[in-house]
Every structure is written in C-alpha cells, then in structure tokens.
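# here you go, sequence then predicted model.
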Amino acid sequence: MQRRSWIKNTGGLLLGSAFPITIQAANKKPVLRVAHLTDIHIKDKWDAPARFRRCLQHVHSQKPGVDLILNGGDIVFDMNKENLDTIKAQWNLWHSIVKAESSIPMQYALGNHDIWWNEDDKGQAVYGKKFSLDQLGLSNPYYSFTKGGWKFIVLDSTHLDIDNTWYIGKLGEEQMNWLQQELKATPAAMPVCVLSHIPILTATLMVADNIVNKWIMLGGEMHTDTAKIIDLFYQHQQVKLCLSGHIHLRDKVVYNNVTFICNGAVSGAWWEGNRRQTAPGYGIIDFYADGSFEERYVNY
C-alpha cells in the first residue's frame, strides 16, 4: 500500500514538473513563417488564373502573416516542346497575377515544365533554362540565401537524360560539388532547409492505381542520386527539412532525422480537381531558432 501511494504521489510530482515545459513550448515564437507553393502550372484555361488568384489571397490571409514564399517550380503550365509565343503568354499571365495579388517575397526553384527543350530550337539563346531564369531574375538555377537564422538551399533537380530529349532527376557533378561546399561552409549551429522540385526522397511513388507490390521508381519522378545526397546530409546534421513537389501528392518521410516533405500541387490534378486523394493546396511552415519547425498542408 505504501509503495502504491508513493508511485501515485511521484506521478503527481512528475506531472507537475512537466507543466512549465508545456507553457514554455506554447510561448515559443517562430522566427519565420514560409508558404511552400509548388506545381502551379499557370495557363489561361480551366479557370486557372482565378483559382491561382484565390490561392495567393488565401496565403496573404494567413495569421500570423507569411514572411516568404518558396516556389517549388512548374510555375507555368508547360514550356518543354511549346513555341515561344505560347511560352511568353504563360509567363505574361504569371507576372500579371503575382504583381496584382502578392506582396510577399518569393524565391524560386525551376521545375521540369519551366525548361524549353524543343529539339528544333537548340541554337537559340533562351534554349533550356535561360528563358525562365531571365523571367525570374536569376543568374543560376541553384543558389542559397539566409533568412531568420536559417539557411535555405535551392537546388536544380531537372537535367537532360542521356538521350537529350527528356529529363532526369539529379544534381550532376558540378552542383553536387557546390552543395558539398555550401554545407561545409554553413555553421554547425545554423539549421538548413533544402528546396527542390523533384523529390530527393518520397513515398508517393508507391501510391498508384491498381498496382499491388510492384513499384517502379522512375528517374524523372525522384532523384537518381538520392543515396549520395542522403549520405551528404548525414555528414551535415544542420539539414533539417527538404521540401519538394512534382508528384502533385502530399507525403512526409523522416529519415536520419531529416524530414522530407513532398507537398501537393496548387493546381491539384492540373486544374482538374484532386490528384488522387490530395486536394489543391500549399504548405505552411513555421521555422524556429533552435532548428525545429512545424508544418501543415492547407487546402485553399
């Protein structure tokens, strides 16, 4: 009886001692709030312009307010094999909507649909990624910046495959070397968030209609250099979060204490409803000074 009473009292003491920790967690304030918008695929069709305006208005209505938008790529509907007049029309539509509806700073990654790979136009100066980089005011498709005590590393994950007609997810030797040096130069106490278009690691590829235990990981759907990147992240424990899109499905995978989030598309199933069970939406992430974060997926 005495032992039972001691356990009961001890449990009460432990519960009481935990109470201030709960209060402290509740009072912790984020240093930065970010909206992750990906796979917008803007085009003057399917009421996409009005829906995208509604999405931006929804982002701006968040309380507390959003400090930064991370755009995960596939900004316009498609550039791959289109003519320049069609491409210019899509980009003009993009700029007009963002100018009218958004006052939040935006950082961009390029998606596979933001690259002009028309075989008949390889000789033109804007062939490849040049056209989109010019539209976004970027000198390079991969880069880094710091904000709120976090380092953000934006990767270029879309490259021509060996046949030079379609794409594959990877970094390539030059960019991998750059990433190694970028992480090496990052202070151990500075947390890192990585943004890519194609997922570095995702479980969404195991979700397919009428497929049972027969999964195919295509090189255009997930990074083909996943093992190398994950090994690099393991050497640099500052990497806390990786954001991606491309699949138009939402998932979260935690591996080696790194959280990999593939967020659903703003366009859903290319402006025709849900992509399987994932509704059109975007991610909201609150970043904290201690390297932690809280995130949720928002349907607008």
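That came through fine.

# drop to CA atoms for contacts and neighbour counts, all remaining ones
Will do.

# got phi/psi on residue 296?
phi -150, psi 160 (degrees, to the nearest 10).

# and residue 206, by the same measure?
phi -90, psi 10.

# leaving out sequence neighbours, find the closest residue to it.
residue 215 (5.8 Å; Cα to Cα, 6 or more residues apart in numbering).

# on the pLDDT front, check residue 206 for me.
The model reports residue 206 with a pLDDT of 88.

# you'd agree it is up against residue 222?
No - between residue 206 and residue 222 there is no contact, the gap being 11.7 Å when judged by Cα atoms under 8 Å.

# which of these two has more residues huddled nearby?
Between residue 206 and residue 222, counting by other Cα atoms under 10 Å, residue 222 is the more crowded of the two (24 against 14).

# got the contact list for that one?
With contacts defined as Cα atoms under 8 Å, 6 or more residues apart in numbering, the neighbours of residue 222 are 169, 198, 199, 200, 201, 202.

# and the fifth one, what helix or strand is that in?
Same thing as residue 201. Using DSSP states H and E, residue 201 maps to neither a helix nor a strand.

# wait, it touches residue 225, no?
No - if you go by Cα under 8 Å, residue 201 and residue 225 don't touch, sitting 10.0 Å apart.

# now the strands for the stretch 101-250 of the chain?
106-108, 143-147, 150-154, 158-160, 167-169, 192-195, 239-244 (DSSP state E, counting those that start in this stretch).

# closest one to residue 292 among these?
The stretch from those with the least distance to residue 292 (Cα to Cα) is strand 239-244; that distance is 7.7 Å.

# contacts for that closest one?
So strand 239-244 is contacted by 36, 38, 72, 191-200, 233, 257-263, 291-292 (Cα under 8 Å, 6+ apart).

# can you tell me which of the residues you listed are in helices?
Among these, the ones falling in helices (DSSP state H) are residue 233.

# which among the contacts of strand 239-244 end up buried?
36, 38, 72, 191-200, 233, 258-263, 291 (16 or more other Cα atoms under 10 Å).

# quick check: the nearest residue to residue 257 once chain neighbours are set aside vs residue 278, distance?
Among residues not flanking residue 257 along the chain, residue 240 sits closest, at 7.1 Å (Cα to Cα, 6+ apart). Distance check for residue 240 against residue 278: by Cα to Cα, to the nearest Å, it reads 24 Å.

# re earlier: residue 201 and residue 225: which has the busier surroundings?
residue 201 (26 against 15).

# list the contacts for the more buried one?
Counted by Cα under 8 Å, 6+ apart, residue 201 has contacts 222, 223, 226, 253, 260.

# go again using 7 Å as the cut-off
Residue 201 is in contact with 222, 226, 260, counting by Cα atoms under 7 Å, 6 or more residues apart in numbering.

# show the pLDDT at it.
At residue 201, pLDDT is 97.

# and for residue 23?
At residue 23, pLDDT is 36.

# same deal with residue 163?
Reported pLDDT for residue 163: 76.

# so what's the residue nearest to residue 151 when sequence neighbours are not counted up against?
In this structure, residue 151 finds its nearest non-sequential neighbour in residue 192, 4.8 Å apart by Cα to Cα, 6+ apart. By Cα under 7 Å, 6+ apart, the contact list for residue 192 reads 150, 151, 152, 238, 239, 240, 241.

# from these, which is closest to residue 113?
Closest to residue 113, out of all of the contacts of residue 192 and judged by Cα to Cα, is residue 152, at 22.7 Å.

# ok, of the contacts of residue 201, which one's closest to residue 93?
Of these, the one sitting nearest to residue 93 (Cα to Cα) turns out to be residue 222, at 29.4 Å.

# the closest residue to that closest one other than its chain neighbours and residue 47, how far apart?
In space, and not counting its chain neighbours, residue 222 is closest to residue 199: 5.1 Å by Cα to Cα, 6+ apart. Separation of residue 199 from residue 47 (Cα to Cα) stands at 28 Å.
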